[in-house]
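Student: Just a sequence and a predicted model for now, questions to come.
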Amino acid sequence: MISFIVPAHNEEQLLGRTLEALHAAAQDVDVAYELIVVDDASNDKTAEIAGAAGARVITVNHQQIARARNAGAAAAAGDLLVFVDADTIINARTLRATIAAVDRGAVGGGALLTFDDPMPSSVRALAAIVAVGMRVGRMAAGAYLFCTAPAFKVVGGFDETLFATEELTMSRALRKAGRIVILRERVLTSGRKARTHGLAELFAPLGVLLRHGPSALRDRARMSFWYGRRRHDPRQP
């Protein structure tokens with residue numbers, strides 16, 4: 001069985017379509033599955049939407065995506081764990097490729113990302129360059145990361161001391177447990193950060209790292225790009 005684990009904090013706008021896509025992909029592939037939404041300190045209709053979509057809702061108050069993902073994994077019954085961000089749409093083709101990779105012996109991996117429109121051309125070009133590097137380096141993006149339940153247990157899950165780049169650390173850990181793959185197939189994820197932040201703000205986390213070093217990744221305040229108040233996306237009503 002596949003356990004889809006969706007961490008969510010105030011995701012009432014996008015969560016419904018994400019869960020609908022997960023249902024559709026799993027039913028198309030004809031695989032047993034469960035949906036787990038980890039509602040992390042939301043104060044909107046995230047939990048209500050998740051429950052109405054047939055997901056099991058795990059309520060936590062971590063405000064940290066690594067811990068939220070781990071909480072979902074702890075509740076999961078599947079032998080394959082698929083972590084999907086609440087603003088990400090998967091399809092049957094990517095799910096089939098995921099299952100096939102695991103059947104061929106991979107312990108985990110990810111997929112390429114496509115960002116929804118509109119997206120600034122400069123950001124889209126940067127994202128394409130980063131995607132090549134992540135595929136060559138076998139680093140899974142957090143929007144879509146999968147691993148077998150035994151491999152997750154061996155590596156100890158996501159590093160809960162990190163407030164960012166936890167998916168990269170997870171990818172490196174999984175490589176020690178076995179083979180990981182970055183699929184050619186894609187998932188569609190939101191480009192809302194690029195629409196609500198200027199180019200200088202998008203590069204700000206890199207500046208923080210250069211100034212303070214890796215310890216900044218363990219400081220919620222310094223990772224405010226991800227944990228600060230979400231700005232309104234003009235693409236959303």
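Tutor: On my side now, so go ahead.

Student: use CA for all of it now, contacts and neighbours both
Tutor: Noted.

Student: Thr88 - nearest residue in space that isn't next to it in sequence?
Tutor: With sequence-adjacent residues excluded and distances taken as Cα to Cα, 6 or more residues apart in numbering, Thr88 is closest to Thr189, at 4.2 Å.

Student: residues contacting that neighbour?
Tutor: Asp87, Thr88, Ile89, Leu113, Thr114, Phe115, Asp116, Ala143 (Cα atoms under 8 Å, 6 or more residues apart in numbering).

Student: is it in a bridge, and if so with what?
Tutor: Thr88, Phe115 (DSSP bridges).

Student: I'd guessed Ala55 sits against Ile36; true?
Tutor: Yes - proximity of Ala55 to Ile36 meets the contact threshold set by Cα atoms under 8 Å, at 5.4 Å.

Student: Buried residues, stretch 125-144. List them.
Tutor: Applying a neighbour-count criterion of 16 or more other Cα atoms under 10 Å, one finds Ala131, Met134, Arg135, Arg138, Met139, Ala140, Ala141, Gly142, Ala143, Tyr144 buried in stretch 125-144.

Student: Distance from the chain centre to it, please.
Tutor: Remark: stretch 125-144 is offset 13 Å from the chain centroid, using Cα atoms, centre = their mean, to the nearest Å.

Student: Figure out the length between the terminal residues of that stretch.
Tutor: Its start and end residues considered, stretch 125-144 measures 20 Å (Cα to Cα, to the nearest Å).

Student: ok, for Leu19, nearest residue in space, not its chain neighbours?
Tutor: Per Cα to Cα, 6+ apart, closest to Leu19 is Ala53, 6.7 Å.

Student: What is the neighbour count of that neighbour?
Tutor: For Ala53, the neighbour count with other Cα atoms under 10 Å is 17.

Student: Check the gap between it and Ala194 for me.
Tutor: Relative to Ala194, Ala53 is positioned 28 Å away (Cα to Cα).

Student: Quick check: pLDDT value at the residue of the chain most remote from its centre.
Tutor: When distances to the mean C-alpha position of the chain are computed (Cα atoms, centre = their mean), the maximum falls on Arg211, with 26.7 Å. You'll see Arg211 listed with a pLDDT of 89.

Student: gap between it and Val130?
Tutor: Distance from Arg211 to Val130, counting by Cα to Cα: 22 Å.

Student: now do Gly108
Tutor: To Val130, Gly108 is 20 Å away according to Cα to Cα.

Student: what do you get for Leu174?
Tutor: From Leu174 to Val130 the distance is 20 Å (Cα to Cα).

Student: Equivalent analysis for Leu80, please.
Tutor: From Leu80 across to Val130, the span is 27 Å (Cα to Cα).
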